[in-house]
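>>> no sequence on this one, just coordinates:
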């Protein structure tokens, strides 16, 4: 026996070492209980912690030293032409400031619309900038190490981005460093949307380090060059971040009914130097807007106008089926209210009501879109009104977008003012738009035509001040049944 | 050259030794450079593997060779997102084979060094793939062009690197 061990000492030693390593490997295959998403890497192997902790200071020194010399040279070189560049930048700042005003208005409007849709979108509220200090060094694993760890508030599964696009997610966190799994690693994945076609899929890395979407059916049309953004469905990457562009979309031979869509990442994953770790997001879209909420002229005006007290929504309805004398749910032509999903029939009726310049009542459940359309149309000619209403009729589902895209906030209580000044005309003109309703498939035309005659009286009562203080809130009134709306108050 | 005349000359089977700083510093430096250098084409270069082969072949003793390979591989595993042990097992086998071959073949010749490294890269890759697919459940893909290119690059690099590392050998 002793001779056996002596003779086969080397192979036995090899088998022993391999056995130990295989056992150690097997214990890692099952994810440890402690390593839950959001933890600070408590399930990380000690050897990994020790090694990374030992190497990180050296790498930081190397990176910072190299950066010091590189930046020193660049700083010197950049001084040349700095004056000219400064002038150009001032001009650029002036131009951007003007553009910022416009964009802020658009953003505010978008937020109002999202709020009305109960749109839950994650906004980034806090990020941590980090430098890349190391990579995995192999092609089998696409991983980078950054110089920020749990001390900087970084946790596992946090999204890592650059201004160009997403980079990956935090995989392991150590004290002063963290490892980030790149999006092109074959163990990575992210929910994405093709920007134009709105097709959703999951982008994954390939063994060659490419990005690919494999779960879109081959009968879908995907064009080269289409932009791919995050969908937010994976709950890691916030929605709307750039992922890449489609460079090829071919039928997947291994996965027959699906396409193999290759994506070129917008972030240069091979030359990452600085990244941002999203450490905090917020579901509240309102929090993203800085400063007081801007008010529109219509809202301000409506607040100054005499108002009637709020009417109990449970108040009994009139014989006409609709509550009369109820203040308009949304006197301010908030186009966003239109986002409340309504059935096509409901929307058409709303548009018809607008043609009649009848002040919409909460009880009728006319969505604010309809209100907006109402107020707007009431000031226009019949032809214009017809356009508006028909526009909404033809695209019931997209009516919210239509209204949102062209919010024409006419002064507050437009419907009221119009009704008071030109009552007869309003009624006459309003027939035209309602005639446009006849094209609607729901066939609610007959009732709507009769409405205009009654509008002058009704239009006096509502005051817009009731709800104008909350222009961004979704309409509190539920969408009424079509039957309720069709009955004009007589 | 003597080595071309006889494959088992006294010079060829000489067991080389290295100082402790070299034995520890060179592998650590190789791993450091591997993870620190973020140049795309260098990812095909596996410096820790080359160092493993060099020490195994130079020492010509299987047990130290495979232990060297196991340690280097395990340290390399730390920087990957994979379970620790994939590179460790692969480099253990390479270290063992390298030291076993070093006794029997001429490993001082640049040509033999190139061929030996070329073959070891393929073996290393094969072992890594097998473990990843069979034990860990990974989704690795064997891509011939990539593997052969990597073997070629590492083989050429080994000729240069080994010539430089020869200067650290302690001769009795």
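Looks like it came in fine. For clarity, every value in this text was computed on a predicted model and none was experimentally measured. Numbers count the residues shown, from 1 in each chain, chains lettered A, B, ... in the order given.

>>> the residue in the stretch 251-400 of chain A that chain B sits nearest to: neighbour count?
Nearest residue of the stretch 251-400 of chain A to chain B, counting by C-beta to the nearest C-beta: residue A:270, 4.8 Å away. Every residue, glycine included, has its C-beta placed from N, CA and C. Applying other C-beta atoms under 10 Å in any protein chain shown, we find 16 residues neighbouring residue A:270.

>>> list the contacts of the residue lying closest to residue A:266 once chain neighbours are set aside.
Distances taken as C-beta to C-beta, 6 or more residues apart in numbering or on different chains place residue A:165 nearest to residue A:266, at 3.7 Å, with adjacent residues excluded. Residue A:165 is in contact with A:241-244, A:265-267, counting by C-beta atoms under 8 Å, 6 or more residues apart in numbering or on different chains.

>>> quick one: residue A:165 from residue A:214, how far?
20 Å (C-beta to C-beta, to the nearest Å).

>>> low-scoring stretches of chain B, by residue?
Scanning chain B for pLDDT under 70 picks out B:1-14, B:38-42, B:171-172.

>>> would you map the helices across it?
B:2-5, B:20-36, B:47-59, B:62-78, B:86-104, B:110-131, B:144-165 (DSSP state H).

>>> list the buried ones in the fifth one?
To tie it back to what came earlier, the one meant is helix B:86-104. B:86-102 (16 or more other C-beta atoms under 10 Å in any protein chain shown).

>>> tell me, which of those make contact with chain A?
With C-beta under 8 Å from any C-beta of the partner chain as the criterion, the buried residues of helix B:86-104 include B:86-89, B:92-93, B:96, B:100 near chain A.

>>> can you put these in JSON lines and add distance to residue A:146?
Below are these laid out as JSON lines (distance: C-beta to C-beta, whole Å):
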{"residue": "B:86", "distance to residue A:146": "23"}
{"residue": "B:87", "distance to residue A:146": "22"}
{"residue": "B:88", "distance to residue A:146": "25"}
{"residue": "B:89", "distance to residue A:146": "29"}
{"residue": "B:92", "distance to residue A:146": "31"}
{"residue": "B:93", "distance to residue A:146": "33"}
{"residue": "B:96", "distance to residue A:146": "36"}
{"residue": "B:100", "distance to residue A:146": "41"}
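
>>> tell me the one of those residues nearest residue A:111?
For those, the minimum distance to residue A:111 (C-beta to C-beta) is 48.3 Å, reached by residue B:86.

>>> quick one, what contacts that closest one?
So residue B:86 contacts A:25, A:140, B:73, B:77, B:80, B:128, B:131-132, B:136 (C-beta under 8 Å, 6+ apart).

>>> quick check: residues of the stretch 1-150 of chain A near chain B?
Taking C-beta under 8 Å from any C-beta as the contact definition, the stretch 1-150 of chain A meets chain B at A:9-10, A:13-14, A:17-18, A:21-22, A:24-26, A:28-29, A:45, A:47-48, A:51-52, A:55, A:58-59, A:62, A:132-141, A:143, A:145.

>>> what is the helix or strand residue A:100 falls within packed up against?
Per DSSP states H and E, residue A:100 falls inside helix A:82-116. Judged by 3 or more C-beta pairs under 8 Å, 6 or more residues apart in numbering or on different chains; DSSP states H and E, helix A:82-116 is in contact with helix A:285-288, helix A:399-405.

>>> re earlier: out of the residues of the stretch 1-150 of chain A next to chain B, which are buried?
A:10, A:14, A:17-18, A:21, A:24-25, A:28, A:45, A:48, A:51-52, A:55, A:59, A:132-141, A:143, A:145.
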